[in-house]
Every structure is written in structure tokens, then in C-alpha cells.
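Trainee: Dropping a prediction and its sequence here:
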Amino acid sequence: MTTYDLGDGVNLEHEVRNRDDQLTDASVVLTLTAPDGTATTPAVTHAATGVYQVTVVPDATGPWIYRWQVTGAVTDVAYGNFTVSDPAPAPDMLATYDDLMRMPGVPADLTRDQGEMLIQAATSVVQAAAGGQRILQVVDDTVTIYGGFDRILTLPQRPVTAVTSVTFDGTLLTQGTAGGTWRRAAAGIWRDCGWASRCGPVATEVVYTHGWPDGHHMLGLARTATLGLAKGVAMNPTGITRMAIDDYQEAYDKASAALEASTSLAGNLRRQYGRPAGSVRIT
């Protein structure tokens, strides 16, 4: 079964042939059934004699089924299917390939695929040193947290720059000061009656934006560290040029070892981006 990413156009084509195996025109209808069972009949384009085409853009993930119904000069039914999945998110990169290639000493024959893999590995090392903080801005990230009776629900990534929605135990909460609503706090979100039920913790889903946008001065240290680690692996005689193109783990291990050897840089990353002991500031 062919798989497409959500949002991709899917080109479907059907040929109508008579008993002599010649292309011939007929009446053709396409029925497309979504994963939830909803059926539609998109417009069919008559591309050439006996050739019928449809381009659809699926709006849901899962298995899709289609049926070509042919009547007239030829009577026929043909079935097909495909799957739609969410595309994998792009890996975080605290610098670009062009940034890396501008650094003195980086091998001129380092390919874009190799360079970006190095940057991805170095970015992961920097993020780990920062206590798992992604650092880069992520818009409308979704997290589910099982809170307790504390009034503050701490969100895992910082800085929190916006909160889009808060759903407590399946109920969408409003932002405000009345009982049961939520407010922004320095470490996350505040609710006067806490984040648990009488029976214990319940799931709270928060959609929020965190991190620093591209170009923000706070990204400077992380970007410099990423480029330095990536460059170090690229210049190593046993480095990327001796690795398989997809040997991410080896690149990560080399960059991680280099950061461990630089305790001052690791400490600076932790202090700059790690989660501090927060104060309770309600907004």
C-alpha cells in the first residue's frame, strides 16, 4: 500500500479499455472513502481517450479506499487504496549547513547531507546539556501532564511565550481570574484549585509556544556551541568523512565526548538554558 504524507496531493488515474484492449471513452465516477467512513465523489478529469484522472488532497491520516465505477461503452469496477500519515517533524538545527561551511578548517568537500547530519547531532548534544530544553522556538507544541494539588502546573520547556489552550480532564478551561480558570505563571500555568481531582492526578493537555525565535540574541551561545562541536567532528581525521552518511549515533557520541571535555561550556549551556529555580509570578 502506497503511503503519502498528510497534505500531499495524491494523483489517481484509471484507464478504460474495451475487449480489444483499446482505450475507449465511458462514464467514470470515482468514490473516495476516508478513514472515518465518509465517502465523496471528486470531479474526474478526462485527460485523453480512455484516460481519467483525479488529484485529491487527503485531510486525515489512516487508510483511504477508492473505487472507479465505469459504465457506458464499458462496464467495470476497480478498487484501490493508500495510506496517509503525519510527516515526521524536521530535526532541530541550531545552525545551518552554510554557517558550518563558513567556519575555517571545515573540509570543503563536506556534503550538505553530511553537514546537516552533523549539525543535528551537535544540536541534540547541546539540548541535552541544557537539561533537555529544545531552545529553539516551537509554536503550539502539545504536552500532556498529570498534575497534582499544587496550584502551579510546571511546563517542561522554557521560556513559555504563549499558551494557546488548556484542557483539564477533557474540559477546555478559560483564561481568567475566576475559580477554575487558569492564568500564566513564571514556571507554567496557575489554577487556584490545583490540577488534580479528589481521586488524584488527572491529565491536563496544554498547547503552548516556547523557546526563542530564529535570530534572537539568546540563541547565540547555543548556536556557537553547536557549530564548534560540528566542526570538531568534521575536522577529525576519523570523523564524518570516514563515517557512513547516516551514522548519526557516531557523530552524536563524538560531539558529546567533546562537550564533556569542556566543562566550562557545558556549565554555561546549563546556566543559560536549563530550568532555573523559578519564582511564582502570576500574570
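Mentor: Structure's in. What do you need? Numbering: from 1, shown residues only.
Trainee: What segments of the stretch 101-250 of the chain are strands?
Mentor: 138-146, 152-154, 160-168, 171-173, 183-185, 188-190, 196-197, 200-201, 203-210 (DSSP state E, counting those that start in this stretch).
Trainee: measure residue 207 to residue 162 for me?
Mentor: Distance from residue 207 to residue 162, counting by C-beta to C-beta, to the nearest Å: 9 Å. Glycine gets a C-beta too; all of them are placed from N, C-alpha and C.
Trainee: Ok, residue 127 next?
Mentor: Residue 127 is 21 Å from residue 162, by C-beta to C-beta.
Trainee: same question, residue 268
Mentor: Residue 268 is 27 Å from residue 162, by C-beta to C-beta.
Trainee: Between these two, which is the more surrounded one?
Mentor: The neighbour count for residue 268 versus residue 162, taken as other C-beta atoms under 10 Å, is higher for residue 268 (16 against 11).
Trainee: Contacts only, for residue 40.
Mentor: 31-32, 34 (C-beta atoms under 8 Å, 6 or more residues apart in numbering).
Trainee: Could you list which of these belong to strands?
Mentor: Residues from the contacts of residue 40 lying in strands, with DSSP state E as the criterion: 31-32.
Trainee: Among the contacts of residue 40, filter down to the buried ones and hand me the PyMOL syntax, if you would.
Mentor: Selection of the buried residues among the contacts of residue 40 in PyMOL, burial being defined by 16 or more other C-beta atoms under 10 Å:
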select buried, resi 32+34
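Trainee: Out of the contacts of residue 40, which is nearest to residue 56?
Mentor: residue 32 (6.1 Å; C-beta to C-beta).
Trainee: Tell me how far the closest one lies from residue 82.
Mentor: 10 Å.
Trainee: next one: residue 112
Mentor: Distance from residue 112 to residue 82, by C-beta to C-beta: 31 Å.
Trainee: When these two are compared, which one has more neighbours?
Mentor: residue 82 (16 against 12).
Trainee: The more buried one in helix, strand or coil?
Mentor: strand (DSSP: H, G, I helix; E, B strand; the rest coil).
Trainee: tell me, how many neighbours does the nearest residue to it once chain neighbours are set aside end up with?
Mentor: Of all residues not flanking residue 82 in the chain, residue 2 sits nearest, at 4.7 Å (C-beta to C-beta, 6 or more residues apart in numbering). As a burial measure, residue 2 scores 9 neighbours (other C-beta under 10 Å).
Trainee: Residue 2 contacts residue 84, correct?
Mentor: No: counting by C-beta atoms under 8 Å, residue 2 does not reach residue 84; the two are 9.9 Å apart.
Trainee: so where's the stretch 51-200 of the chain shaky on pLDDT?
Mentor: Residues of the stretch 51-200 of the chain meeting the criterion pLDDT under 70: none.
Trainee: all helices of it, in order?
Mentor: 97-101, 112-129 (DSSP state H, counting those that start in this stretch).
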